[in-house]
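> Sequence and predicted structure below; questions after.
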Amino acid sequence: MPGFPHAMPLAGFIGGLMIGVAAAIMLLGNGRIAGVSGMFARVLGLSEGGAPWMIALLFTAGLPLGAALAAANLDVEARFPTSLGLIAVAGLIVGIGTRLGAGCTSGHGVCGLSRLSPRSIVATGTFMATGILTVTLMRLAGVAL
């Protein structure tokens with residue numbers, strides 16, 4: 001694809017289908033939204049509601065394990081930001097944001113939008129606008145992404 005020499009549209013399409021199917025299974029089979037921040041809060045004991053603890057643990061553990069499995073099978077080179085401080089600050093800000101927004105990008109963006117939730121439409125628009133602004137400011141400041 002011109003302008004996107006490393007794009008993998010088929011892999012993205014298949015990954016999107018897998019995410020959608022997983023979200024549908026969670027909602028239809030368990031009656032719960034497959035939001036990562038809610039699952040993680042449940043695992044850490046920060047939330048009493050939501051999915052049963054073991055399901056939340058398996059869901060949360062499956063995210064990095066699934067990524068590692070895919071990377072190993074696809075010969076993908078992992079690249080991480082060099083600053084652990086930047087990662088810690090970003091994680092803290094994201095955590096605060098998910099609590100303030102009553103959910104994360106997966107809960108609002110995947111599950112909420114598919115249910116046409118007005119709150120999720122606003123939240124997802126806010127996520128997108130903030131992400132675009134952050135990347136723009138970081139690039140203008142010369143910070144490597």
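Arrived safely, thanks for sending.
> Would you mind listing where this protein has pLDDT under the threshold?
For the chain, the stretches with pLDDT under 70 are 1, 3, 78, 80-82, 144-145.
> Need the contact partners of the helix or strand harbouring residue 66.
Using DSSP states H and E, residue 66 sits within helix 53-74. Residues from elsewhere that reach helix 53-74 (Cβ atoms under 8 Å, 6 or more residues apart in numbering): 26, 30, 34, 36, 38-40, 42-43, 50-51, 76, 78. In this view, the C-beta of every residue, glycine as well, is placed from N, C-alpha and C.
> Mind checking which of those are buried?
For the contacts of helix 53-74, a neighbour count by 16 or more other Cβ atoms under 10 Å gives the buried set as 26, 34, 36, 38-40, 42-43, 50-51.
> Tell me which stretches of this protein form helices.
9-30, 36-44, 53-74, 84-100, 113-114, 118-140 (DSSP state H).
> still on that earlier bit, how distant is the helix holding residue 66 from the center of its chain?
Averaging C-alpha positions (Cα atoms, centre = their mean, to the nearest Å) puts helix 53-74 13 Å from its chain's average.
> and the angle from that helix to helix 9-30?
If you take axes from the mean of the first three to the mean of the last three Cα atoms, to 10 degrees, helix 53-74 sits at 160 degrees to helix 9-30.
> picking that back up, columns distance to residue 98 on top of the buried ones among the contacts of helix 53-74, output as JSON lines?
Listed next are those as JSON lines, based on distance: Cβ to Cβ, whole Å:
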{"residue": "26", "distance to residue 98": "18"}
{"residue": "34", "distance to residue 98": "14"}
{"residue": "36", "distance to residue 98": "9"}
{"residue": "38", "distance to residue 98": "8"}
{"residue": "39", "distance to residue 98": "11"}
{"residue": "40", "distance to residue 98": "9"}
{"residue": "42", "distance to residue 98": "13"}
{"residue": "43", "distance to residue 98": "14"}
{"residue": "50", "distance to residue 98": "13"}
{"residue": "51", "distance to residue 98": "16"}
